[in-house]
Every structure is written in C-alpha cells, then in structure tokens.
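Sequence plus predicted model, see below.
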Amino acid sequence: MRRICVIDRSETVLPGANADTEAGAAISDPWPAGDTVTGSRLDRAIWRAADVLRRHWVLALLIAAGLVLRVITQFAYEPALLFIDSKKYLFGTDFSASSWGSFDPIGYTLLMLKPVLVVGNLGLVALLQHVLGLGMAVALYALMLRRGVTRWLAALAVAPVLLDAYQLNAEQTIMPDVLFEALLVAGIVLLLWQPRPGLAFVILAGLALGTSAPVRQVGEALILPALVYVLVVARDWRTRLTHAVVLFVCFALPVVGYMGYSKVVLHYGFQLSNMGDAYLYGRAAHAADCATLKLPPDEQLLCPTPAQALKLGVDGLVNNPDSPRVEYAVNVKKGVVDYNLPQQKEFAYAVIKQQPMRVIGDITRDSIKIFALTRNTVEGDTPIKRWQFQNVYPTYPPGITVSGSNSATNIFAQAGGGGNARIRRPLAVGLRYYQLHGGYTPGPVLLLGLLLGLAGIFTFGRRRDPDNLSLVCFLITGSAVAVLLGADLYEFSWRYQLPALVTLPIAGAVGATAIARQVRRRRDRKASPAVPAGELATAESGPVR
C-alpha cells in the first residue's frame, strides 16, 4: 500500500533547484509538489482549511467557545427568551392581538420578525441572532487584519462579542439589540474595508447605518462620525462632496421611509418614536433641584421629591405608576387620562435652561457606569437582572406571566409557534453561574479600548499615519461614543451598553496598532544615520553603470 508522507511545507523544495528558485517556489506554491500530496480537490481544500486554522488558531478557539456557549443558550431557554417590550415588537402593529402599542420604532419587526416568522418560529429568530453574533466577530476580525492589526490582538478584540454572557442573553431574547449591533458593524466594515471607500461602499454603508435608526432610534447619531469620516478620508474636494451627499441621502432613505410608514400605516405621525419627550422629562426630573426651580403652577406638580427621584430613577419617572408624570396624568376638566406631554416638555426645557450643570452631571454619572469593574446597579437604575440568565423561565408581570392569557407559552402561540416556554435547568444554572462569575467584559477593558481609540486618533498625519489608522480609530470610537452617550442622554441601562462590545475593543486594537507604528517609525528615523550633504552630492554625480 502506497504511503503518503506529510512534510513541513515551509522547508520543502524541488530537487535540483538553485537557492533563489527554491525560495520563490516556497512562497508562490505553498503546497507540497510531486508525489507527496497528489490529492483531489477535497484534499487541497482540507490542506487549505488546516493552514487557515494554523494561522488563525486563536480566533478558531474563541469561535469554538462562542459556538458552544450559543448552543447551550439555544437549548437552555426554548424557543426563545421574552422581555417586557418583546410584545411591542411581536404585536405592535396588530392591536387585535394585544393592547400593547408600539411606542418605539419597530424596524426590528419589519426586518427580522415578520420575514422569519413566515418560514419559522421564534426559535429560528433566536438562532439567526446567534449567527449574527458569530458573524460580527468574523467580520470585525477580517477588518482588523486588513488594517494591519496582528492576529492575536484582533482575536482578543472580538472575544467580548463571542464570550460575553450579556451578549448571549440578548441574542436569545426577542429584542432589537442584536440586529442593531449587526447593522452598526456592517456600516463600519463597509466604510473601512478599503483605505478610501469607493462610491458603492459609501452607498451600502449609508443604507446600513440609516436602517439602524428604525431598529433603535439612537442609530440617528451614527450619521455624524460617518459623515466626518468620508469628508476627511477622500483625496479631493469633489470626491468628498459627492461621498458626503450620497452617504447622507442613503442614510436618510430608511429613516424617512419608516417615518412615512409610521404616519400612513401606524398612524403615529411622521416620526420614529413618540417617547422622546417622555424620556426627556424623566432625565430632567431625575436631575432637577425642585426647591430652587422656578416653574408655573401646572408644571410644579410634575417635579418629583428627592426620595422619588432616587427610588424611581429615569425609567421609573417615565413608566412607574407612582411617578408624578403618571399620578397627575388626568385632565380634570375632561375627566380622562392626559399625560400632559406639552407640560412635560416645558418642564424639561426649564430644568435644562435653569440647571444645566445638574443635567450634565446626571448624564456624566450614568455614562461612566459602563467602566465599573463589576456589573452592578444602584438604586433607581433599570435592574440588571433583566439581562441575566435565570434558573427559571423569566416573567415580567403583568405583561408576561407564568400562566393565563399573558403567559409566555400563550405569547409564543399567538406569535407563530415554537411550543411551550420551557427551560433545561442544568444548562440554565450553568449559564447563570458563568455570567455572574466572570462571564462578562470588565469595565476597565472597555475603558482601555476607549482611551487607546482616542489616542489613536491623534496619530493623524500624512507622514505619521500613511494608512489612515487614525481615521479608522475616529470612525469606530466616534460611533461608540455616539451610540452609548446618545442612549445615556435619556436613560442608563446595561442593555444599552451592548454596542460597546463591538466597538470599543476594536477601537482599542486599532489604536494600539497605530501608536505602535508611530513609535516604530520614530525609532527607525533616529536609528538611521544622516548622510552628509557633500557625500550625497558626490554619490549623485558618480558614474552610472
């Protein structure tokens, strides 16, 4: 029986060839020649796959771990997890099935839920969201390699999105967060895939980033860093102007299209959401010092006591029945519920105008919570347990209950099947233990990514940054700040911090690479000896052979 010998390709050469030919052959043809490996296409495909795994083994291990975690999550909570707001996206446009109106944009319903539920159930939705999680990691890793980041650093940068238990929980939950992350990553990758993006990439990136806004309204803030990037990265003013206009128009198309859908079909008006004024009131009321605030009598009732503000937090001041916004939401003359939205808006504007530093301080305190070492919440914050795996199937009475018409099982039946809400307790217990005991990205890691991304921006310059890594840092870091701070302007929630996993570690890896290159260039310039002017002139005037 003929033997097949496996040899080290890096040192294998053809017999009788000279040294130069041997070196060139080793580079141009990475596969063993002759009788050593004379296999079929399948053999060559196996060799190529083995070579890819050898070169990207760190990423391969991380993907394997992420895949195992996602399989466990998929089987631990079937067919999917539900959150309080899941019913908005499942039944927001069908008021015959639910009294829950859709106050937030329902791009998630239109882009994900409705198409998938035509061919499957909510279990398939969760599965596709897990696939998006793995896909984002691979896309970001490939992008970083194209931009010169070393393999091990690029692999570590995508580890958070692969292994973070809060990301796993979001992927298993019927909520728009993972789709929003995927659109954000798609826009960033498209703009950065080439050192200077062509028109086609600008068009696709604008559509992807613009589509993120109807999925989560905070996506509106992404236009600013993207617009600045295309303006700065282009070579000439004509290209800059063309790309900027095209990006803006393509970004606006999904936003305006959804707003038209909201007016004509949903009858909510020409807007993405009708909850902006309510959360603006919540933030202002939480920050206000009502003792020194000058308000008209009809707005003074909307001012919470310090104890109320501390206990309820921003979310409670908007949604809790004990909030002044709800308690005084009655039009005495008409005797009907009236949330006094104009008064709430005027109240918020009065707080911002009279006490701007209190509002800024309140937002700042919320925005730095993401950098804490552990995942905790303080009084008034949205409870973090909503985003943690539980040992039983989670419910949120009265919206989602254990039994009755609002049970998770009944919701699944109305939404397209998937069977009863069920849990495999050993798997759920293991996931919860993993999440609570280190299975998340520590805040200092995200802070380091932010600082390195910001530092990388300052390497800008034609000589210092010929590969435009500083602009890469600007786009990724700017997108992260826009999304995270944009959400914190209204309310802090650990759910709203998830986009940090697909932006800040990537910004940190690119920033570290940009800084390392700049340091290396400075070292090389100092190490290279200066040539005297006389010798240089003699060398230039010498004979040419």
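It's in.

what about Val255, how many residues close to it?
22 (other CB atoms under 10 Å). Heads up, the C-betas are built off the backbone N, CA and C, glycines and all.

all strands for this protein, in order.
Applying DSSP state E to the chain gives strands spanning 77-78, 330-331, 336-337, 422-423.

Contacts for the first one, please.
With CB atoms under 8 Å, 6 or more residues apart in numbering as the contact definition, strand 77-78 has outside contacts at 123, 172, 389, 393, 418-419, 421-424, 428.

Which of these fall within helices?
Residues of the contacts of strand 77-78 located in helices (DSSP state H): 123, 172, 428.

Most neighbours of all those residues, which one?
With neighbours taken as other CB under 10 Å, the top of the ones in helices among the contacts of strand 77-78 is Gln172, carrying 26 neighbours.

any idea how far that residue lies from Ala512?
32 Å (CB to CB, to the nearest Å).

which sections of the stretch 351-500 of the chain are below the confidence cut-off?
The model of the stretch 351-500 of the chain has pLDDT under 70 over residues 462-464.

Actually, the stretch 201-350 of the chain.
For the stretch 201-350 of the chain, the ranges with pLDDT under 70 are 328-341.

try the stretch 51-200 of the chain
Along the stretch 51-200 of the chain, segments meeting pLDDT under 70 span 93-103.

which residues in it form helices?
All helices of the stretch 51-200 of the chain, identified by DSSP state H, counting those that start in this stretch, fall at 57-76, 86-91, 107-108, 114-119, 122-146, 151-163, 165-172, 177-192, 199-215.

any chance of the ones you listed in a markdown table, plus distance to Gly399?
Shown next, in a markdown table, are the helices of the stretch 51-200 of the chain (distance: least, CB to CB, whole Å):
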| stretch | distance to Gly399 |
| --- | --- |
| helix 57-76 | 22 |
| helix 86-91 | 6 |
| helix 107-108 | 18 |
| helix 114-119 | 20 |
| helix 122-146 | 16 |
| helix 151-163 | 29 |
| helix 165-172 | 18 |
| helix 177-192 | 18 |
| helix 199-215 | 21 |
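
I'd like to know which of those is closest to Leu436.
Closest to Leu436 of the helices of the stretch 51-200 of the chain is helix 165-172 (CB to CB; 8.4 Å).

Run through who's touching that closest one.
For helix 165-172, the external contacting residues (CB under 8 Å, 6+ apart) are 69-70, 73-74, 77, 80-81, 126, 129-130, 132-133, 160-161, 177-178, 375, 387-389, 431, 434-435, 439-440, 494-495, 498, 501.

quick one: stretch 317-327 to chain centroid distance?
In terms of CA atoms, centre = their mean, to the nearest Å, the centre of stretch 317-327 is set 31 Å apart from its chain centre.

typo on my end, it should be stretch 109-124
Centroid separation between stretch 109-124 and its chain, computed with CA atoms, centre = their mean, is 21 Å.

Put the alpha carbons of it into PDB.
C-alpha atoms of stretch 109-124 as PDB (Å, rounded to 0.1, in the frame of the first residue of the first chain):
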ATOM      1  CA  THR A 109     -40.400  43.700  13.500                       C
ATOM      2  CA  LEU A 110     -40.300  44.600   9.800                       C
ATOM      3  CA  LEU A 111     -36.700  43.400   9.100                       C
ATOM      4  CA  MET A 112     -36.400  40.400  11.300                       C
ATOM      5  CA  LEU A 113     -39.600  39.100  13.000                       C
ATOM      6  CA  LYS A 114     -42.100  39.200  10.100                       C
ATOM      7  CA  PRO A 115     -39.800  37.700   7.400                       C
ATOM      8  CA  VAL A 116     -38.500  34.900   9.700                       C
ATOM      9  CA  LEU A 117     -41.900  34.000  11.100                       C
ATOM     10  CA  VAL A 118     -43.200  33.400   7.600                       C
ATOM     11  CA  VAL A 119     -41.000  30.300   7.400                       C
ATOM     12  CA  GLY A 120     -40.300  29.500  11.100                       C
ATOM     13  CA  ASN A 121     -40.900  30.400  14.700                       C
ATOM     14  CA  LEU A 122     -39.300  32.500  17.400                       C
ATOM     15  CA  GLY A 123     -36.700  29.700  18.000                       C
ATOM     16  CA  LEU A 124     -35.400  30.400  14.400                       C
END
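
Residues touching it, excluding its own?
Contact partners of stretch 109-124, identified using CB under 8 Å, 6+ apart, comprise 74, 78-80, 89-90, 92-93, 102, 125, 128, 174, 176, 179, 211, 214-215, 412, 415-418.

Try it again at 7 Å.
Stretch 109-124 is contacted from outside by 78-80, 89-90, 92-93, 125, 128, 174, 179, 215, 412, 415-418, using CB atoms under 7 Å, 6 or more residues apart in numbering.

same question, stretch 282-298
Here stretch 282-298 has contacts from 302-304, 309, 313-315, 317-318, 343, 347-348, 350-352, 354-355, 358-359, 362, 489-491, using CB under 7 Å, 6+ apart.

What is the burial count for the residue lying closest to Gly399 once chain neighbours are set aside?
In space, and not counting its chain neighbours, Gly399 is closest to Ile84: 5.3 Å by CB to CB, 6 or more residues apart in numbering. Ile84 has 15 neighbouring residues, counting by other CB under 10 Å.

Equivalent analysis for Ile384, please.
Residues near Ile384, counting by other CB under 10 Å, number 14.

Which of the contacts of stretch 282-298 are buried? Put it as a ChimeraX command.
Of those, the buried ones go into a single ChimeraX selection, burial set by 16 or more other CB atoms under 10 Å:
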select :302,303,304,309,313,314,315,317,318,343,347,348,350,351,352,355,358,359,362,489,490,491
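
In helices only, show me the contacts of stretch 282-298.
When DSSP H is applied, the contacts of stretch 282-298 are split such that 309, 313-315, 317-318, 343, 347-348, 350-352, 354, 358-359, 362 fall in helices.

right, and the pair among these with maximum separation?
Pairwise distances across those (CB to CB) peak at 23.8 Å, for the pair Asp315 and Gln354.

if we can go back for a sec, counting neighbours, which of the contacts of stretch 109-124 end up buried?
Neighbour-count burial (16+ other CB under 10 Å) is assigned, among those, to 78-80, 89-90, 92-93, 125, 128, 174, 179, 215, 412, 415-416, 418.
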